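# Provide a 3D model corresponding to the input given below.
(one chain, ligands or ions: 1)
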Amino acid sequence: MRDKGKATGNEHPEVNNASLLIERIRGNDFRIKQGRVEIFLAREFGFCYGVERAVTYAYETRAKFPDRRIFLTDEIIHNPRVNKELRELGIQFLSGAAACGVSTADLTAKDIVVMPAFGLPVEALKKYQERGCVIVDTTCGSVMSVWRRVESYARDGFTSVIHGKYDHEETRATCSRAGKYIVIKDTEQAKLVCEQIRGPGNRDSFPGKFGDVCSAGFDPEQDLGKIGFANQTTMLMSESVEISGMLRAALATRYGEAEAEDRFRHFDTICSATQDRQDAIRELGEKGMDLILVIGGYKSSNTGHLAGIASGYARSFHIEDADCLLSAEKISHRGIDTHVITETVDWLPAGPVRIGITAGASTPNRVVEEVIERLVKITG
Ligand code: SF4
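Residues are numbered from 1 along each chain as shown. Presented below is the predicted three-dimensional model:
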């Protein structure tokens, strides 16, 4: 077992993300059979390049500055295990559930602030810069490419329509760089926006339906004439494509086909890691599983989407880690549609069973390994 007191950072197990068991299963065509259970791993799962880099930077920062105060603005990625291990290394959180109580005003030039993989809103970054802190920027390059896109829309007088979750850190960071924007989370909200574009819609009720997900002073009549479409990097690709098509069609109805060409810009900003994991879970589902376990933090957007895709193929459970497998009879999981953490009995079929496994982009291989070991244990 690792001596937590001696951990310095860069030798930490999460950094190299190694798992002998996972390597063995990969080498065996992504499957392993143990007793009555046959486990199939998705061909792409777990840590993505952006998460791996962010976590590595955090540990390297600890190793390089053993005596300095190091802060994370909030969770570095949406995985409870990784965040807990960073706290054990003495890295403190400035906000969120694990906030240490130190405020931005308490920070000094000697302090180090590590930005998360999802990036930071411009105003927040400015505050840390004003305190003179050393900033370690772990923002993923794929997130920055969304920022460049919305900045270019703003420069050219286009309103960014962002397919994303407004309360997600990445989308808030993107909005802060977008000038005029509106965030839509799904096709239902996209329909309302399209009604307005085809308009004139009900201008008074429009902002109320979207809460505070528009830029200040957003005027649906004025601000939806020229649209630049972008997405949070971890959204469901098929839904993004559908929403983009809906917006383009609404502009064509209002202004005519030729003019719509000049009034609509689109750039697919879903990252390749998200796409690869979504493709891989479909491939796994098509092989015919009895059930699928999707492993990842309950706040992880990309894990939630993987669970949604998996449930289209087989009975699926979104679990956070091995502790969720309470027994062969009972499982603790987050409802895929309800988003409520619940317990389900009789989740594991009797007799021979084919179980598919995937994991979100912020899930270390060690967590996947522990789930497999627990599965084998509870099935005898
Ligand atoms: S999910 Fe994509 S955008 Fe997010 S950190 Fe990973 S690679 Fe970067």
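# Give me every residue in the protein that's in contact range of the ligand.
The interface of the chain toward the ligand, taken as Cβ under 6 Å from any ligand atom, is made up of 48-51, 117, 140, 142-143, 233-234, 271, 273-274, 302, 361. C-beta: built from backbone N, CA, C; applies to glycine.
# Tell me the buried residues within these.
48, 50-51, 117, 140, 142-143, 233-234, 271, 273-274, 302, 361 (16 or more other Cβ atoms under 10 Å).
# Mind checking which of those land in helices?
Gly50, Val51, Ser142, Val143, Ala273, Thr274, Asn302 (DSSP state H).
# Listing partners with orientation, what would you give for the strand ranked longest in the chain?
The longest strand of the chain (DSSP state E) is strand 353-359. Sheet pairing of strand 353-359 (DSSP bridges) gives strand 37-41 (parallel), strand 291-295 (parallel).
# how close does the residue lying closest to Cys48 once chain neighbours are set aside get to Leu251?
Of all residues not flanking Cys48 in the chain, Ala273 sits nearest, at 3.4 Å (Cβ to Cβ, 6 or more residues apart in numbering). Counting by Cβ to Cβ, to the nearest Å, the separation of Ala273 from Leu251 is 31 Å.
# what does Glu188 give?
From Glu188 over to Leu251 (counting by Cβ to Cβ), the distance is 19 Å.
# These two - which one has more neighbours?
A direct count of neighbours by other Cβ atoms under 10 Å for Glu188 and Leu251 places Leu251 higher, at 24 against 9.
# where in this protein is pLDDT low?
For the chain, the stretches with pLDDT under 70 are 1-17, 200-211.
# quick one: contacts for the one residue in it that gets nearest to the ligand?
When scored by Cβ to the nearest ligand atom, the chain has Gly50 as its residue closest to the ligand, at 2.5 Å. Each residue near Gly50 by Cβ atoms under 8 Å, 6 or more residues apart in numbering is listed here: Ala117, Cys140, Gly141, Ser142, Val143, Cys271, Ala273, Ala361.
# show me what contacts the closest residue to Arg31 other than its chain neighbours?
When the adjacent residues along the chain are set aside, Arg31 lies closest to Phe40, with 5.0 Å between them (Cβ to Cβ, 6+ apart). Residues in contact with Phe40 (Cβ under 8 Å, 6+ apart) are Phe30, Arg31, Leu284, Lys287, Met289, Arg354, Ile355, Gly356, Ile357.
# Over to Cys140?
Taking Cβ under 8 Å, 6+ apart, one finds Tyr49, Gly50, Val51, Arg53, Ala54, Ala117, Phe118, Gly119, Thr233, Cys271 in contact with Cys140.
# residue contacts, the residue nearest to the last one when sequence neighbours are not counted?
In space, and not counting its chain neighbours, Cys271 is closest to Ser142: 3.7 Å by Cβ to Cβ, 6+ apart. Neighbour list for Ser142: Gly50, Thr233, Thr269, Cys271, Ser272, Ala273 [criterion: Cβ under 8 Å, 6+ apart].
# Quick check: the gap between the first one and Val143.
This means Gly50. 7 Å.
# do the same with the last one
Per Cβ to Cβ, Ala273 is found 11 Å from Val143.
# Quickly find the element holding Glu259.
Using DSSP states H and E, Glu259 sits within helix 257-263.
# residues making contact with that helix?
Gly225, Lys226, Ile227, Arg248, Leu251, Ala252, Arg254, Tyr255.
# Which PyMOL command selects the buried ones in those?
This is the PyMOL syntax for the buried subset of these, where burial follows 16+ other Cβ under 10 Å:
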select buried, resi 226+227+248+251+252+254+255
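# Dump the contacts of helix 257-263 into TSV; add distance to Ala109 as well.
Listed next are the contacts of helix 257-263 as TSV, based on distance: Cβ to Cβ, whole Å:
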residue	distance to Ala109
Gly225	46
Lys226	43
Ile227	43
Arg248	49
Leu251	49
Ala252	54
Arg254	53
Tyr255	53
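# in the stretch 251-380 of the chain, which spans are strands?
264-266, 291-295, 315-319, 330-334, 341-345, 353-359 (DSSP state E, counting those that start in this stretch).
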